[in-house]
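Peer 1: Pasted the sequence and its predicted model underneath.
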Amino acid sequence: MDDDNLSNIVYGQRGALPVPRDAVPGDLSIEPESGEQYMLRVRMEAASIPNVVVANNRHQILLASNPKKLPLMGSSPVGHSLPLDSVARPSDKWLANFERYFAQQRHCFRTALAATNIAASPNVPGIGQSKEWRAYCYNISGGNCQMLATLAHIDQPMTMRLLKWMTTWLSRDQLRRVEAIWMWYLLLSIDSLLDHEDTHALRELCRALLRIRSIAATGFCRERGGEIASLNILIAAVTRGYHQRDLE
């Protein structure tokens, strides 16, 4: 990959997190040496694969040709699931490939997180301050460095607490980009050894994401392919990354 393409990856695309201008991928045959290097490599890998496309199916086209038959946004016809939910679900092959991908990314990210140099503890809210944490997460201004410092600073119980809170912060019918970013890195951060309460929390998060995907998949108001792709990644992170396949 040449310098021009690398520049486009870092600055010309809307990635999950900003990458510092001086970040370099380093030796790709060894594990990344920092969180910034890890995220740059993820961005490079993402740029090398085709974009995710959610195609319309015949049922949606027929409904769109007769607006009087369109159900209300978020409603479901009696006796039927939401029309495009099956289309939005990834294939079994995609899920199997993602399971391997997630295990690899989780290992790399946790290694990079452990190597993150925290000069000083980030100024984060207290353990039980959910309102303050919500403001902190939704309005984080330090970007990449501040998020990495936060994730390196908090422990497993606080990570799970944030995931529980974020489940309650989700809107009924939409996943915001900042929520997807936080959830992805929180899911990469947690330990694979979970107790019953932690497993229940992950399942509740997954159910909330599935509900949003069902609504997003109707696609009557606007194209939501990018959002559905993010939802599929987070859902699969729970079902395949933490062995909750029955939710699929």
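Peer 2: Happy to help now that I have it.
Peer 1: can we go C-alpha only for contacts and neighbour counts from here?
Peer 2: OK.
Peer 1: any weak-confidence spans in this structure?
Peer 2: 1-25, 27-87, 118-121, 141-145, 219-222 (pLDDT under 70).
Peer 1: Name the next helix or strand following the longest helix belonging to it along the chain.
Peer 2: The longest helix of the chain (DSSP state H) is helix 92-114. Using DSSP states H and E, the next helix or strand after helix 92-114 towards the C-terminus is helix 130-138.
Peer 1: and the helix or strand just after that following helix with helix 92-114, angle?
Peer 2: Next in sequence after helix 130-138, counting helices and strands by DSSP H and E, comes helix 143-153. Calculated by axes from the mean of the first three to the mean of the last three Cα atoms, to 10 degrees, helix 143-153 forms an angle of 80 degrees with helix 92-114.
Peer 1: packing partners for whichever helix or strand comes after helix 143-153?
Peer 2: Next in sequence after helix 143-153, counting helices and strands by DSSP H and E, comes helix 156-169. Secondary-structure packing of helix 156-169 (3 or more Cα pairs under 8 Å, 6 or more residues apart in numbering; DSSP states H and E): helix 177-189, helix 196-216.
Peer 1: For the first one, report the contacting residues that lie outside it.
Peer 2: When contacts are defined by Cα atoms under 8 Å, 6 or more residues apart in numbering, helix 177-189 is touched by residues 16-17, 105-106, 109-110, 137-138, 151, 159, 163, 166, 170, 230-231, 234, 237-238.
Peer 1: Can I get that helix in CSV, CA atoms only?
Peer 2: Coordinates of each C-alpha in helix 177-189 appear next as CSV, following Å, rounded to 0.1, in the frame of the first residue of the first chain:
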residue,chain,number,x,y,z
ARG,A,177,-22.0,5.9,15.7
VAL,A,178,-20.5,6.8,19.1
GLU,A,179,-22.4,4.0,20.7
ALA,A,180,-21.1,1.5,18.1
ILE,A,181,-17.6,2.7,18.7
TRP,A,182,-17.7,2.3,22.5
MET,A,183,-19.5,-1.0,22.4
TRP,A,184,-17.0,-2.5,19.9
TYR,A,185,-14.0,-1.6,22.0
LEU,A,186,-15.7,-2.6,25.3
LEU,A,187,-16.5,-6.0,23.9
LEU,A,188,-12.9,-6.4,22.8
SER,A,189,-11.7,-5.4,26.2
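Peer 1: Give me the angle between it and helix 156-169.
Peer 2: Interaxial angle of helix 177-189 relative to helix 156-169 (the same axes, to 10 degrees): 150 degrees.
Peer 1: buried sites along helix 177-189?
Peer 2: 180-189 (16 or more other Cα atoms under 10 Å).
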